[in-house]
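In: Fold the stuff below for me.
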Amino acid sequence: MPARFGEQWAAFARASVFPTMAAALDGGRDTPRSAHFSDRLEAAVTARLAQAPGRMLIPLARILLEKGDYQRGASSTKVVPS
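Out: Got it, this is the predicted structure:
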(Lines give C-alpha, C1' and ligand atoms only; values in the text may rest on other atoms or scores of the structure.)
Protein backbone atom coordinates (compact mmCIF):
# COMPACT_ATOMS: atom_id res chain seq x y z
CA MET A 1 0.00 0.00 0.00
CA PRO A 2 2.75 2.58 0.74
CA ALA A 3 4.16 2.01 -2.77
CA ARG A 4 0.77 2.79 -4.34
CA PHE A 5 0.49 5.92 -2.17
CA GLY A 6 3.85 7.13 -3.47
CA GLU A 7 2.94 6.35 -7.08
CA GLN A 8 -0.35 8.25 -6.88
CA TRP A 9 1.14 11.37 -5.34
CA ALA A 10 4.08 11.35 -7.73
CA ALA A 11 1.71 11.07 -10.71
CA PHE A 12 -0.34 13.98 -9.34
CA ALA A 13 2.80 16.09 -8.85
CA ARG A 14 4.04 15.21 -12.34
CA ALA A 15 0.78 16.44 -13.90
CA SER A 16 0.31 19.53 -11.74
CA VAL A 17 3.75 20.81 -10.72
CA PHE A 18 6.53 19.29 -12.81
CA PRO A 19 5.70 21.21 -16.03
CA THR A 20 6.22 24.50 -14.19
CA MET A 21 9.51 23.27 -12.79
CA ALA A 22 10.63 21.93 -16.18
CA ALA A 23 9.94 25.34 -17.75
CA ALA A 24 12.91 26.66 -15.75
CA LEU A 25 15.31 24.25 -17.51
CA ASP A 26 17.50 25.55 -20.32
CA GLY A 27 15.32 25.00 -23.38
CA GLY A 28 12.13 24.90 -21.33
CA ARG A 29 9.52 22.16 -21.35
CA ASP A 30 10.08 21.22 -24.98
CA THR A 31 13.64 19.97 -24.53
CA PRO A 32 14.38 16.23 -24.21
CA ARG A 33 15.91 17.09 -20.83
CA SER A 34 12.42 17.94 -19.59
CA ALA A 35 11.14 14.36 -19.93
CA HIS A 36 14.30 12.98 -18.30
CA PHE A 37 13.98 15.51 -15.46
CA SER A 38 10.32 14.58 -14.90
CA ASP A 39 11.04 10.84 -15.02
CA ARG A 40 13.81 11.09 -12.43
CA LEU A 41 11.85 13.42 -10.18
CA GLU A 42 8.75 11.23 -10.32
CA ALA A 43 10.81 8.16 -9.38
CA ALA A 44 12.40 10.02 -6.47
CA VAL A 45 9.07 11.33 -5.18
CA THR A 46 7.52 7.84 -5.48
CA ALA A 47 10.36 6.27 -3.51
CA ARG A 48 10.39 8.97 -0.83
CA LEU A 49 6.65 8.89 -0.22
CA ALA A 50 6.51 5.09 -0.26
CA GLN A 51 9.27 5.03 2.34
CA ALA A 52 7.44 7.21 4.86
CA PRO A 53 3.79 7.84 3.96
CA GLY A 54 1.90 10.20 6.21
CA ARG A 55 -0.32 13.24 6.44
CA MET A 56 1.05 16.46 5.07
CA LEU A 57 -0.14 20.01 4.65
CA ILE A 58 -0.25 21.16 1.04
CA PRO A 59 -1.21 24.84 0.95
CA LEU A 60 -2.42 25.91 -2.48
CA ALA A 61 -3.47 29.48 -1.71
CA ARG A 62 -4.24 31.90 1.04
CA ILE A 63 -7.47 33.85 0.81
CA LEU A 64 -8.20 37.05 2.69
CA LEU A 65 -11.87 38.00 3.06
CA GLU A 66 -12.78 41.55 3.96
CA LYS A 67 -16.15 42.46 5.36
CA GLY A 68 -17.79 45.33 3.52
CA ASP A 69 -21.05 46.79 2.36
CA TYR A 70 -22.40 44.22 -0.10
CA GLN A 71 -25.06 46.59 -1.45
CA ARG A 72 -22.42 49.13 -2.47
CA GLY A 73 -20.04 46.47 -3.79
CA ALA A 74 -17.45 47.26 -1.13
CA SER A 75 -16.70 43.67 -0.10
CA SER A 76 -13.79 41.95 -1.75
CA THR A 77 -11.83 38.73 -1.91
CA LYS A 78 -8.07 38.77 -2.38
CA VAL A 79 -5.64 35.94 -2.99
CA VAL A 80 -2.50 36.51 -0.95
CA PRO A 81 0.71 34.76 -2.12
CA SER A 82 1.92 32.10 0.32
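
In: tell me, how many neighbours does residue 56 end up with?
Out: 7 (other CB atoms under 10 Å). All C-beta spots, glycine's among them, are computed from the backbone N, C-alpha and C.

In: Tell me the first helix or strand C-terminal of the helix or strand that residue 12 is a member of.
Out: Secondary structure assignment for residue 12, by DSSP states H and E: helix 2-16. Counting by DSSP H and E, the next helix or strand C-terminal to helix 2-16 is helix 18-22.

In: ok now that next one, how far from the chain's centre?
Out: Centroid displacement of helix 18-22 relative to its chain, using CA atoms, centre = their mean, to the nearest Å, is 10 Å.

In: and the following helix or strand past it, which residues are buried?
Out: Toward the C-terminus, helix 18-22 is succeeded by helix 32-51 as the next helix or strand (DSSP H and E). Using 16 or more other CB atoms under 10 Å as the test for burial, helix 32-51 gives 34, 37-38, 41-42, 45-46, 49-50.

In: Tabulate these (TSV), appending distance to residue 13 and pLDDT.
Out: TSV is the format used below for the buried residues of helix 32-51 (distance: CB to CB, whole Å; pLDDT from 0 to 100):
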residue	distance to residue 13	pLDDT
34	15	91
37	13	93
38	10	94
41	8	94
42	7	95
45	6	92
46	10	93
49	9	87
50	14	87
